[in-house]
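Q: what shape does this take:
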Amino acid sequence: MNKIPPYLQPGDTVGILCTARYVNTEQLQPAINLFESWGLKVKLGATVGQEWHIFGGNDDLRAQNLSDFFNDPEIKAIVCARGGYGTVRMIDKIDFSGLERTPKWLVGFSDVTVLHSHINSMFEIPTLHASMPVVIDNKTPEAIDSLRKALFGEEISYSFKIDSPFTRKGSAEAVVVGGNLSLLYAIQNSVSEIDVYGKILFIEEVEEWLYNIDRMFWNLKRSGKLQHLAGLIIGGFTQLQDNEIPFGMSYEEIVWEKVKDYDYPVCFGFPAGHFADNRAIKLGEKAILRVGEHVSFMQRA
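A: Numbering: from 1, shown residues only. As a prediction, the model looks like this:
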């Protein structure tokens, strides 16, 4: 049984910290202003403004900061400042006992996929795949409002017209899991690996080589990860790279080649990922997905 964290109320405190790359207070000011406009208080972590190589402090500091926020009764939601790389370096140093005792929303995407997967699979606590503070001022009003709705316990629902020939119609009502493809690939066969059986799998990616996308999807197929899904949602695959001699397949063709023989609904172009219209998704929570002439996605509070 999922342990759904309490939704936020005006006057609650959100904590912002670094689990991966470095960020300073000035970069966070737009997000601080946004959260305060929603009636929330903001507490900055010890990692904000700290710099160790490309990271927001060394691995021990980043792990300790997150552990402290899990144990802090004042903080009702934890927002990762940015992604990049670094969460997998310290995941095994984190004390999750505070989160187990008192579930709270953890927010982020990209490199934060490591935490989403670990928390969803190990503790059956939902998390929130959504925009992060360092890029919040570049997001669409719809993306920002979806974050607010998800945090405050309002229904989130999206509908968009299909703009891809590689789509399979159908419907599914199941738990959503997933995140960034490279990170899902990196944590396979570890304690943080997600269970995808009977789930709706969401995947997005950025700045990846087409041949590497192909390699990672072959791994998902050969390891059985794509066989027993309830549905597949492909979000943004942006700023992709190719060699001088072209790979010869688009990312859609790469994915479709691996899933065409199954029977669950598949959609491309979902509004979540490394772009302005990054809509919130509650990972580890049920959703209703319908793929027809349009795609609809809904998660109730």
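
Q: what strands flank the top strand by length along the chain, and is each parallel or antiparallel?
A: The longest strand of the chain (DSSP state E) is strand 170-180. With DSSP bridges as the test, strand 170-180 is paired with strand 200-206 (parallel), strand 286-291 (antiparallel).

Q: give me the contact list for the shortest one.
A: By that I understand strand 286-291. For strand 286-291, the external contacting residues (CB atoms under 8 Å, 6 or more residues apart in numbering) are 162, 167-176, 200, 231, 233, 265-267, 281, 295-299. Yep, even glycine has a C-beta here, placed from its N, CA and C like the rest.

Q: re the thing from before, check the offset of the longest strand of the chain from the chain's centre.
A: Centroid separation for strand 170-180 versus its chain: 12 Å, with CA atoms, centre = their mean, to the nearest Å.

Q: helix or strand right after that strand?
A: Using DSSP states H and E, the helix or strand that directly follows strand 170-180 along the chain is helix 181-186.

Q: mind checking the SS state of whatever residue is furthest in space from the centre of the chain?
A: Using CA atoms, centre = their mean, the residue of the chain lying farthest from its centre is Ile245. It sits 32.6 Å away. Secondary structure, DSSP: H, G, I helix; E, B strand; the rest coil: Ile245 is coil.

Q: and what of Ile16?
A: With three-state DSSP as the criterion, Ile16 reads strand.

Q: hmm, back to that, please indicate which of the contacts of strand 286-291 are buried?
A: 162, 167-168, 170, 172, 174-176, 200, 231, 233, 265-267, 281, 295, 297, 299 (16 or more other CB atoms under 10 Å).

Q: now do the strands in the chain.
A: Here the chain has its strands, by DSSP E, at 13-17, 41-44, 75-80, 105-108, 127-129, 156-161, 170-180, 200-206, 231-238, 266-268, 281-283, 286-291, 294-299.

Q: any regions of the stretch 151-300 of the chain where pLDDT drops low?
A: Within the stretch 151-300 of the chain, no stretch has pLDDT under 70.

Q: quick one, helices of this structure?
A: Counting by DSSP state H, the chain has these helices, from start to end: 25-37, 59-71, 87-90, 97-101, 113-123, 141-152, 181-186, 210-222, 251-259.

Q: relative to Leu8, which of those helices is closest?
A: Evaluated with CB to CB, the helices of the chain place helix 141-152 nearest to Leu8, the distance being 4.8 Å.

Q: give me the contacts around the closest one.
A: 7-9, 34, 38, 77, 105, 107, 128, 130-131, 136, 154-156, 158, 271, 276-280, 282, 299.

Q: what are the buried residues along that helix?
A: Those buried within helix 141-152 under the rule 16+ other CB under 10 Å are 143-144, 146-152.
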